[in-house]
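[1] my questions are about this predicted structure, shown below with the sequence.
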Amino acid sequence: MKKIGILGGTFNPPHIGHLWIAEEVRIRKQLDEIWFIPTRTPPHKDTSVLEASHRLRMLRLAVRDNPHFHVNALELEREGKSYTYDTVRDLTSSYPEDDLYFIIGGDMVEYLPKWYRVDELVHMVRFIGVSRPGYTLETVYPVECLEIHPLDISSTFIRNRLEDGELIRYLLPDDVMNYIKENQIYGYR
Ligand code: ATP
Ligand code: MG
């Protein structure tokens, strides 16, 4: 039996905020592994998101130096919208022996009431909510909240800086930054 943390996200692009919360939760909850799960079509994001193949390759680069971190592409392989409900149902049936912990930042804690079939979902997996600047960890749902040192970094911030031709080094792993440069994505110039 393993304790597995799951971090779902768009990872558009992955950054040190994602790695920071994953490692903090892993250590504090004594998890064996963290599975990063990139979403196919995020139900709550209407703006166009960078194609999945780029996001998947960047995510693999981002996690590769941590032996506890893994990428699971099951949402990309499934047709249609990505609902966490479907993902958690698939994972609990594929790994019935393991304990799953679904990690979300404060913005997602606030957004939980709008999640698809959330009333069932919160009883299918343990939710861990972590601090994110600008959001509270208050919720009526059964979420275990962990105060972690907040890092005010988001993919949106990084994309905006790239659009403006500004420095992004150290906000994300060097390999991911180099991938963005080589592929000239996010308006990199
Ligand atoms: P975007 O700005 O495009 O929404 P993001 O930085 O929020 O990107 P996501 O891929 O949307 O990244 O987030 C995946 C998960 O990681 C979510 O649960 C989100 O709350 C959490 N997360 C991302 N960055 C942070 C951060 N700096 N602190 C805490 N949680 C974070
Ligand atoms: Mg987000």
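    Perfect, thanks for sending it. Ligands and ions are numbered 1, 2, ... in the order given.
[2] thought residue 99 was touching residue 4?
    Yes. If you go by CB atoms under 8 Å, residue 99 and residue 4 touch, sitting 6.9 Å apart. Placement of C-beta: from N, CA and C, glycine included.
[3] skip the chain neighbours and tell me the closest residue to residue 124.
    By the measure of CB to CB, 6 or more residues apart in numbering, the closest residue to residue 124 outside its immediate chain neighbours is residue 88, 5.2 Å from it.
[4] the host helix or strand of the one you found: which residues count as buried?
    Residue 88 belongs to helix 84-94 when assigned by DSSP states H and E. Residues of helix 84-94 classed as buried by neighbour count (16 or more other CB atoms under 10 Å): 84-89, 91.
[5] now stretch 157-166
    158-159, 162.
[6] just the ones in helices from those, please.
    Among the buried residues of stretch 157-166, the members found in helices (DSSP state H) are 158-159, 162.
[7] now these in CSV, with distance to residue 105 and pLDDT?
    What follows is these, written out as CSV (distance: CB to CB, whole Å; pLDDT from 0 to 100):
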residue, distance to residue 105, pLDDT
158, 15, 98
159, 17, 97
162, 21, 96
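[8] out of the residues you listed, which is nearest to residue 115?
    The shortest approach to residue 115 among these belongs to residue 159, at 24.0 Å (CB to CB).
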